[in-house]
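**Q** everything below, folded, please.
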Amino acid sequence: MLGHEIHFGYCRQPGRDTPCRKMFDCWFKAFDVQEFLAAHYRPATIEAMLAPPPPKTATLYELIQKAQRRAGNDDSDSS
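**A** Residues are numbered from 1 along each chain as shown. From the prediction side, this is the model:
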């Protein structure tokens with residue numbers, strides 16, 4: 001997803017609670033990723049990892065909402 005070589009450790013937790021969903025695509029030639037995941041993660045974590053990402057419009061909407069809330073909080077602080 002980053003477009004360059006990285007260590008496997010980064011793929012295990014790339015800034016969130018679940019491993020990268022692209023782990024199978026990137027590492028299948030190096031070792032049995034499915035076996036590794038089964039040995040190191042709970043089934044619920046693997047299921048969350050494999051869930052499709054939210055639509056970009058939903059993510060964008062959430063970011064706009066957060067920014068509006070922050071802006072509203074900043075206005076009340078300056079009064």
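
**Q** only C-alpha atoms from now on, for both contacts and neighbour counts.
**A** Fine.

**Q** measure stretch 25-35 end to end?
**A** The first residue of stretch 25-35 is 14 Å away from its last residue (Cα to Cα, to the nearest Å).

**Q** try stretch 17-33
**A** With Cα to Cα as the measure, what separates the two termini of stretch 17-33 is 18 Å.

**Q** please apply the same query to stretch 26-38.
**A** By Cα to Cα, the extent of stretch 26-38 from end to end equals 17 Å.

**Q** what's in contact with that stretch?
**A** By Cα atoms under 8 Å, 6 or more residues apart in numbering, the surrounding residues in contact with stretch 26-38 are Met23, Phe24, Ile46.

**Q** please pick the buried ones from these.
**A** For those, a burial check counting by 16 or more other Cα atoms under 10 Å picks out Met23, Ile46.

**Q** let's see which of the contacts of stretch 26-38 end up in helices.
**A** If you go by DSSP state H, the contacts of stretch 26-38 have Met23, Phe24, Ile46 in helices.

**Q** quick check: phi and psi on Thr57?
**A** With angles defined as degrees, to the nearest 10, Thr57 sits at phi -70, psi -40.

**Q** what is the neighbour count of it?
**A** Number of residues near Thr57 (other Cα atoms under 10 Å) recorded here: 9.

**Q** dump the ones in helices among the contacts of stretch 26-38 to JSON lines, plus distance to Asp17 and pLDDT.
**A** Formatted as JSON lines, those follow (distance: Cα to Cα, whole Å; pLDDT from 0 to 100):
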{"residue": "Met23", "distance to Asp17": "14", "pLDDT": "88"}
{"residue": "Phe24", "distance to Asp17": "17", "pLDDT": "87"}
{"residue": "Ile46", "distance to Asp17": "11", "pLDDT": "91"}
